[in-house]
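> From the sequence below, what's the structure:
(one chain, ligands or ions: 1)
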Amino acid sequence: MADKEVSTRGNWNSKVGFVLAAAGSAVGLGNIWRFPTEAASNGGGAFLLIYLICCFLIGYPVMMAEIAIGRRTGKNPVGAFKALSSNKLYPLIGMWGVLCGIMILSFYTVVAGWTFSYVFEEIFFAAGMNDWATWISNTGNGWLNAIFSVAFMACTISIIRGGVSDGIERATKTLMPLLFGILLLLIGYVIMQPGSSEGLAVYLQPDFSKINANLIFAAMGQAFFSLSLGMGALITYGSYLSRKENVPQAAALVTFTDTLVAFLAGLLILPAMYLAQAKGITIFQDGQFVAGPDLIFQVLPALFHDIGGLLGAIVGVTFFALLSMAALTSTISLLEVPVSYAIDEFEVPRKRAAMLIGIGILVISLIISFNTALIGWFDYIFSAIGLPLGGILISLFVAYAWKTENAFDELELGNNNFRHSIVGKTWKIFIMIICPLVILFNLLRSF
Ligand code: TRP
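Take a look at the predicted model:
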């Protein structure tokens, strides 16, 4: 019966469908925009190290918990907590997730709009239309931001209107390998430039003295953001997952892919920052990192313009187009959460839900378009604090309300005897004790 219920809501088409969709959700601006900026402002290599630890030791267990909740219940985050417990307080965890998703999507759309606009910046620059190129590069221009936010939200809404399996799977399958390929090419180019070795050293040689409460807090928030955790996106995606699939393995693949893309983005951006600085773009002042959320939109175009000619234009356009697509497979997962909530709990038809909620969020994006300083605040409250907080609540819920034995029953569909395996036993300890305690400790210490 449960299986039938799941299939009428929509389902992934193929075995790889879920992994692709979840990896598509994970890989996005978080990897290429947020990660390098966080790494650069938190001491490079030390941040990378703590970030990797957070992804695999905190993120991975929480990811399995979210997917298990989603697949067991076949519901949106709010409905899922309702289905697993009669206590009226638990669905509030899902509500918090829906709220965080809405607020994250609102600023994410603005940054995704910048990404998309830079496709045109590269074209104008290559065509010698320098005034136009400069006009686009003004990320403080409210009208410009508004136009591209509207365009980006329109794309997100149109895919969500069509349902989960068609758009998301197809888009991810071809574009992710391409993004990966272009990242590798660019890294090769940057590393060969004289002057890039300083950035490489900062990124790859951790300076342990840089590790402090703020760094750990930032790395933890980044891990949650990048893996799309803590607000129920993977509860929702898990609800469309077949009972035959191996959840621990799928989650491992998603974690690994996402971390790899972030690592590569750092390998590109940190050395490129030093090249850009040498060209007169202010990234550091008196040894302090001063670039803001527009870091990559300064550093990368400088790189593409430096390559120059037709090749530079092709690489630049392709890169920003692919990054826009990666952002789109992420905004899709953010919008799908409130939309699935409206569909399941209020029986709103999918098309109408996508339209109404999408436009509602766009209104917030438009406010942010004219006040870009809000991006940092929204990001701090709803990503850096909101997502880890959701992670604590989800862990505690699975450990002490739903109970790990029930979660194991779910995880063992598709992974025989998981509870007796080393990963399974470790997962139990992490979900019951280590994840909630470590996250809580770090949140408190950062205040
Ligand atoms: N993970 C995406 C990125 O790195 C952003 C994202 C998509 C997200 N869905 C999410 C972040 C859910 C938090 C929660 O760009």
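> Give me the pLDDT value at the residue of the chain positioned farthest from its centre.
Residue farthest from the centre of the chain, counting by C-alpha atoms, centre = their mean, is residue 128 at 34.6 Å. Looking at residue 128, its pLDDT reads 94.
> again, but for residue 446
Per-residue pLDDT puts residue 446 at 82.
> Report the contact partners of it.
213, 214, 216, 217 (C-beta atoms under 8 Å, 6 or more residues apart in numbering). For glycine as for every other residue, the C-beta is placed from the backbone atoms N, C-alpha and C.
> Dump the residues you listed to JSON lines, plus pLDDT.
As requested, these are exported to JSON lines (pLDDT from 0 to 100):
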{"residue": "213", "pLDDT": "94"}
{"residue": "214", "pLDDT": "94"}
{"residue": "216", "pLDDT": "96"}
{"residue": "217", "pLDDT": "96"}
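> how far away is residue 278 from residue 187?
18 Å (C-beta to C-beta, to the nearest Å).
> Which one's more surrounded, these two?
residue 187 (20 against 15; other C-beta atoms under 10 Å).
> Quick check: what element follows the helix or strand hosting the more buried one along the chain?
Assessed by DSSP states H and E, residue 187 sits inside helix 164-192. Going down the chain from helix 164-192, the next helix or strand is helix 197-204, by DSSP H and E.
> List the buried residues for that following helix?
199, 200, 202, 203 (16 or more other C-beta atoms under 10 Å).
> helix/strand/coil for residue 348?
Recorded secondary structure, residue 348: coil (DSSP: H, G, I helix; E, B strand; the rest coil).
> quick one, phi psi at residue 285?
Main-chain dihedrals, residue 285, degrees, to the nearest 10: phi -130, psi 130.
> just to revisit the earlier point, from the buried residues of helix 197-204, which single one is nearest residue 303?
Checking those against residue 303 by C-beta to C-beta gives residue 199 as the nearest, at 12.0 Å.
> how many neighbours does the closest residue to the ligand within the stretch 101-250 of the chain have?
At 3.5 Å from the ligand, residue 228 is the closest residue in the stretch 101-250 of the chain, using C-beta to the nearest ligand atom. Residues contacting residue 228 under the criterion other C-beta under 10 Å number 31.
> Give me the residue at the spatial middle of this structure.
With C-alpha atoms, centre = their mean applied to the chain, the nearest residue to centre is residue 226, 3.7 Å.
> contacting residues for it?
26, 30, 31, 34, 35, 55, 258, 259, 262.
> cool, residue 317 as well?
119, 122, 123.
> Buried residues in the helix or strand where it lies, which are they?
Of the helices and strands defined by DSSP H and E, residue 317 is found in helix 309-346. Buried positions in helix 309-346, judged by neighbour count with 16+ other C-beta under 10 Å: 312-313, 315-344.
> ok, and which of the residues you listed reach the ligand?
330, 333, 334 (C-beta under 6 Å from any ligand atom).
> and the nearest residue to the first one once chain neighbours are set aside, how many neighbours?
Spelled out, that is residue 330. Counting by C-beta to C-beta, 6 or more residues apart in numbering, residue 330 lies nearest to residue 28, which is 3.2 Å off, once chain neighbours are set aside. Using other C-beta under 10 Å, residue 28 has 31 other residues around it.
> ditto for residue 269
Residue 269 has 27 nearby residues by other C-beta under 10 Å.
> Please apply the same query to residue 140.
Applying the criterion other C-beta under 10 Å, we find 11 residues in the vicinity of residue 140.
> so is the residue farthest from the centre of the chain in a helix, a strand, or just coil?
coil.
> And it, how close does it get to residue 224?
44 Å.
> before we move on, the earlier item: how much space is there between the residue farthest from the centre of the chain and residue 305?
From residue 128 to residue 305 the distance is 12 Å (C-beta to C-beta).
> same thing with residue 170?
33 Å.
> Name the residue in the two with the higher neighbour count.
Legend: neighbour count by other C-beta under 10 Å for residue 170 and residue 305, higher for residue 305 (17 against 14).
> separation between that one and residue 276?
Residue 305 is 10 Å from residue 276, by C-beta to C-beta.
> and this protein, which residues reach the ligand?
Residues of the chain lying near the ligand (C-beta under 6 Å from any ligand atom): 25-26, 28-31, 104, 225-226, 228, 231, 233, 330, 333-334, 387.
> Kindly recompute the last result at 5 Å.
The chain comes close to the ligand at residues 25-26, 28-30, 225-226, 228, 231, 233, 330, 333-334, as judged by C-beta under 5 Å from any ligand atom.
> what distance separates the helix or strand following the helix holding residue 317 from the middle of the whole chain?
Of the helices and strands lying after helix 309-346 in sequence (DSSP H and E), the nearest is helix 350-370. Distance of helix 350-370 from the chain centroid (C-alpha atoms, centre = their mean, to the nearest Å) equals 19 Å.
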